[in-house]
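In: no sequence for this one, just the structure:
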């Protein structure tokens, strides 16, 4: 089976990427036990996506090659899928939902490193989508299909609407390259807790929607089609719509917002200012893999990449913008988030993490509450009066927490801050471990944050 490094490059520092991502080095590293020695900060990309710590350690302990990476994750997915079916047969729907969701995450991580074996990648992706679809009606807030017709073809998304009086404000979520909308489940959960409906779409790359990179260069018609569909949905408030995207999906969200005044706010995590930063600084082998992912010739991809830039449209942005980036991002250089923030007009905020990785996966405990609060605040200003009054009434239920204790603690009571989880200490002996040469550059202690704001009240950090 033809597999490559893919998003495993999260583990490799920027200056060493050119050598460490060569297929021979990656294969040798896995044989020597690199997967078992994965640092705790890197494991966050899995645990924050719904993989339990026990499952992760079990899988990593069995991986000795890129092929076994795929096999072990697929095996975990099958085990959870069968467990979900058993739970469903016993009428234990909540457990079934959790197991189906875990299976979806496992299948997705299995396809991360598959590029050239397109059939295997699609099979794993279909398993990821299938198991999430089986979990969808079992969630406390079910996920329903949400299709948008674009050029006579359906764009498949997932709609989740929180209970209560409607219509609801809505956030449209887009993922990035080699990612799937099912990964956005936990972002969706955070918005649902705040009474915001969510629509999850596959962004550029792998998924059920965008397979051609040329659609990314000019996504304006896609944004128009999505907003027209929202206007026809009585459960949703078309006057309170925000777009949020990850990586290249974040670029798309910003570009669509520059053309469409119905988008009231836009947020992006690790977006590029211009996509040529991916093309000009990556290995030739990875270029072939990206071209294979989109099903186009490398020559064609070169011509399209040059058109994927915000340079000609960012000045038209009229809605508030929030952008985040990380200093240890080895996919999108840290300078891209700063460049977008400094170039965009109007109200905007930047949250930058000097030790943040791509998609800020290792600092989500800080970023997600910040970004969710920001989006909610922006949409509240445009939401229908009746719904806004209901929101204000619910906020009045916590006057003591808001006035008598520290503000951050009050937010924790409302559910804005990730709760601390206590785990039993491991009393077993600690195996001998070698240190990664860049371990000192990873997260240790409090999360460092740089916050900048223009045209809005500065938030303390």
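Out: The structure has been received and is ready for your questions. Keep in mind the model is a prediction, meaning the values are calculated, not measured. Residues are numbered from 1 along each chain as shown.
In: Now do the strands in the stretch 201-350 of the chain.
Out: In the stretch 201-350 of the chain, the strands defined using DSSP state E, counting those that start in this stretch lie at 236-246, 265-269, 321-326, 348-353.
In: I'd like to know which of these is closest to residue 369.
Out: Among those, strand 348-353 comes nearest to residue 369, with 10.9 Å by CB to CB. C-beta here means a position set from N, CA and C on the backbone, and glycine is covered the same way.
In: pLDDT averaged over stretch 75-93 - what is it?
Out: The predicted model assigns stretch 75-93 a mean pLDDT of 96.
In: I should have written stretch 242-257 there, sorry.
Out: What stretch 242-257 shows for mean pLDDT is 93.
In: again with stretch 47-59
Out: pLDDT averaged over stretch 47-59 gives 91.
In: Could you list the buried residues of it?
Out: Across stretch 47-59, burial judged by 16 or more other CB atoms under 10 Å covers 48-51, 55-56, 59.
In: Include distance to residue 151 and secondary structure when you put those residues into CSV, please.
Out: CSV is the format used below for these (distance: CB to CB, whole Å; DSSP: H, G, I helix; E, B strand; the rest coil):
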residue, distance to residue 151, secondary structure
48, 35, coil
49, 31, coil
50, 33, coil
51, 36, coil
55, 40, helix
56, 40, helix
59, 40, helix
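In: Make a markdown table from the strands of the stretch 201-350 of the chain and add mean neighbour count to it.
Out: A markdown table is the format used below for those (neighbours: other CB atoms under 10 Å):
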| stretch | mean neighbour count |
| --- | --- |
| strand 236-246 | 24 |
| strand 265-269 | 28 |
| strand 321-326 | 27 |
| strand 348-353 | 23 |
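In: who wins for proximity to residue 383 among the ones you listed?
Out: Nearest of the strands of the stretch 201-350 of the chain to residue 383, taken as CB to CB: strand 236-246 at 4.3 Å.
In: rewinding a little: relative to residue 165, which of the strands of the stretch 201-350 of the chain is closest?
Out: Closest to residue 165 of the strands of the stretch 201-350 of the chain, according to CB to CB: strand 236-246, at 11.1 Å.
In: who does the closest one pair up with?
Out: Using DSSP bridges, the strands paired with strand 236-246 are strand 168-174 (parallel), strand 265-269 (parallel).
In: Could you list the low-pLDDT ranges of the protein?
Out: Within the chain, the stretches with pLDDT under 70 are 1-36, 114-116, 203-218, 278-296, 384-445, 456-461.
In: Pop the domain breakdown of it in here.
Out: Taking automatic domain parsing as the reference, the chain has its domains at 1-138, 139-383+447-456.
In: Could you give the number of residues near residue 91?
Out: 8 (other CB atoms under 10 Å).
In: Let me fix that, I meant to ask about residue 119.
Out: Using other CB under 10 Å, residue 119 has 9 neighbouring residues.
In: buried sites along the strand or helix carrying it?
Out: Using DSSP states H and E, the element containing residue 119 is helix 118-135. Within helix 118-135, the residues that qualify as buried by neighbour count (16+ other CB under 10 Å) are 120-121, 123-125, 127-129, 131-132, 134-135.
In: tell me which strands and helices it is in contact with?
Out: Counting by 3 or more CB pairs under 8 Å, 6 or more residues apart in numbering; DSSP states H and E, the packing neighbours recorded for helix 118-135 are helix 66-89, helix 93-111.
In: For the buried residues of stretch 47-59, give me JSON lines that also has distance to residue 379.
Out: Converted to JSON lines, the buried residues of stretch 47-59 look like this (distance: CB to CB, whole Å):
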{"residue": "48", "distance to residue 379": "24"}
{"residue": "49", "distance to residue 379": "25"}
{"residue": "50", "distance to residue 379": "26"}
{"residue": "51", "distance to residue 379": "31"}
{"residue": "55", "distance to residue 379": "36"}
{"residue": "56", "distance to residue 379": "35"}
{"residue": "59", "distance to residue 379": "39"}
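In: That's all I had, so thanks and see you.
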